[in-house]
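Participant: pasted the sequence and its predicted model underneath.
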Amino acid sequence: MKKQTLSKNKEIILITVQVLIIVLSGILVRDEFYRIIISAAGIAFNFLVCSGKRFGFVVGMLYAVSYGIMSYFDEIYASCVFMLLIQFPSAIISFITWNKQEDNSVKMQRVSSLKRICIALAFIFSFIIAYMLLKYVDGSGAVFDAFFFSASFISCILLAIKKKEAYFVILLSGLAGTVLWSYQFLKNGTGLSVLLLNFFVLLNSVRGLIGNIKPPILKQ
């Protein structure tokens, strides 16, 4: 019991620190208030899911809609389409599927080697299609946006079916998002809070990976 309490307190401290860093950094550079709020919601969603908390998908629904609208006005079209048409419904699906357990836990399982190859091919295919479409509409940061779209798309599917590999793909998504919003920040001078969001997504996915090595159960 004491160990569980310490673990819970550690999680509370970590998410509080991440949210505070995002909010304070956004205020410091005078980021738009909506970017700060969206980023805070995004890191809460990511942290809860990487900690195996089903409630995180409720936060994820709100995050997906707001992030999608923001991406549209920033001309990051692949991210916009992903958030509104894929992330939002997949958060609903994941919230439902993660509840189908006999006990109070989320059991994450591995995929076979053959399925890993299929996942890699699906990632490459979706990246190529997204990149071609973005180049056609002259989207901002096409390469990074397409990579972010593909990684996020695959991770949504893997999370919905409770596969451990989802956390590795989320890591790739966080990496791509960090690079994408670094580009946006250098180009426009805004979006530092979103940049930090993606950086923390990267770090939290590492936590998710480590937590699924042993044992293969995430407590809610």
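Facilitator: That came through, no problem.

Participant: now do the helices in the protein.
Facilitator: For the chain, helices defined by DSSP state H occupy the ranges 2-28, 33-50, 56-73, 77-82, 88-97, 113-136, 142-160, 166-188, 192-211.

Participant: quick one: list the elements packing against the third one.
Facilitator: Using 3 or more CB pairs under 8 Å, 6 or more residues apart in numbering; DSSP states H and E as the contact test, the elements touching helix 56-73 are helix 33-50, helix 77-82, helix 88-97. From N, CA and C alone the C-beta is placed, and that goes for glycine too.

Participant: before we move on, back to that, can you redo the helices of the chain as TSV, where the extra columns are mean pLDDT and mean neighbour count?
Facilitator: Shown next, in TSV, are the helices of the chain (pLDDT from 0 to 100; neighbours: other CB atoms under 10 Å):
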stretch	mean pLDDT	mean neighbour count
helix 2-28	79	13
helix 33-50	87	22
helix 56-73	91	20
helix 77-82	83	24
helix 88-97	89	18
helix 113-136	87	14
helix 142-160	83	24
helix 166-188	82	21
helix 192-211	82	22
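
Participant: who touches Ile157 in this structure?
Facilitator: Residues counted as contacts of Ile157 (CB atoms under 8 Å, 6 or more residues apart in numbering) are Ser90.

Participant: what about 6 Å?
Facilitator: If you count contacts by CB atoms under 6 Å, 6 or more residues apart in numbering, Ile157 has none.

Participant: same thing with Ala41?
Facilitator: Residues near Ala41 by CB under 6 Å, 6+ apart: 59, 63.

Participant: so how far is Arg35 from it?
Facilitator: Applying CB to CB, to the nearest Å, the value for Ala41 to Arg35 is 11 Å.

Participant: do the same with Phe45
Facilitator: Counting by CB to CB, the separation of Phe45 from Arg35 is 15 Å.

Participant: and what of Lys53?
Facilitator: Relative to Arg35, Lys53 is positioned 24 Å away (CB to CB).

Participant: follow-up on the earlier one: turn the helices and strands packed on helix 56-73 into CSV, including distance to Ser66.
Facilitator: Shown next, in CSV, are the helices and strands packed on helix 56-73 (distance: least, CB to CB, whole Å):
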stretch, distance to Ser66
helix 33-50, 5
helix 77-82, 11
helix 88-97, 10
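
Participant: who wins for proximity to Gly141 among these?
Facilitator: helix 77-82 (9.5 Å; CB to CB).

Participant: now stretch 184-192, how far from the centre of its chain.
Facilitator: How far stretch 184-192 lies from its chain's middle: 20 Å, per CA atoms, centre = their mean, to the nearest Å.
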